[in-house]
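Q: Mind folding the following:
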Amino acid sequence: MRPYQKGGKQMKKARIAAFSLFALAAFSTACFADTKKGEKIDGKKEFEEHCTACHANGGNIINPAKPLHKKEREANGVKTARDIIAKMRNPGPGMNKFDKKTISDKEAKAIANYILKTFK
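A: All right, here's what the predicted structure looks like:
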């Protein structure tokens with residue numbers, strides 16, 4: 001056996017293991033990274049991710065009498081960002097509950113502000 005071939009399989013395994021650990025670390029950081037202090041959250045993006053399935057274009061496929069548009073929203077007692085967040089946390093029948101583990105307070109506020117600005 002030539003000197004440069006000695007331990008070839010071991011070196012290959014070591015390189016594969018090192019690459020795997022690097023990939024795992026990079027993936028874990030990207031998946032579990034929380035928003036940094038002061039980082040702005042995109043309310044539109046969060047709305048599209050969590051709300052659009054039922055509230056596309058501000059509508060409501062579960063209860064059409066309760067869309068997100070200002071006139072109907074306010075008629076149903078939902079007037080402020082705080083009111084919207086309260087509905088997200090403790091919704092009525094048919095709507096998924098979005099607790100703080102699912103949507104953080106910062107994300108919920110960004111979604112609420114997006115709703116108030118967008119659906120007039």
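Q: going forward, measure contacts between C-alpha atoms and count neighbours the same way
A: Noted.
Q: so what's residue 54 up against?
A: By C-alpha atoms under 8 Å, 6 or more residues apart in numbering, residue 54 lies in contact with 60, 61, 62.
Q: ok, the last one touching residue 94?
A: Read it as residue 62. Yes: contact criterion C-alpha atoms under 8 Å: residue 62 and residue 94 qualify, at 6.4 Å.
Q: Who has more neighbours out of those two?
A: Per other C-alpha atoms under 10 Å, whichever of residue 62 and residue 94 has more neighbours is residue 62, with 13 against 9.
Q: can you give me phi and psi for that one?
A: Phi and psi for residue 62, reported as degrees, to the nearest 10, are phi -80, psi -50.
Q: If we only consider the contacts of residue 54, which is nearest to residue 75?
A: The closest of the contacts of residue 54 to residue 75 turns out to be residue 60 (C-alpha to C-alpha; 14.9 Å).
Q: element containing the closest one, please.
A: Following DSSP states H and E, there is no helix or strand that holds residue 60.
Q: give the contact list for it.
A: So, once contact is read as C-alpha under 8 Å, 6+ apart, residue 60 ends up touching 54, 66, 67, 68.
Q: same check, this time on residue 100
A: residue 89.
Q: which of the contacts of residue 54 lies closest to residue 117?
A: Among the contacts of residue 54, residue 60 lies closest to residue 117 (C-alpha to C-alpha), at 17.5 Å.
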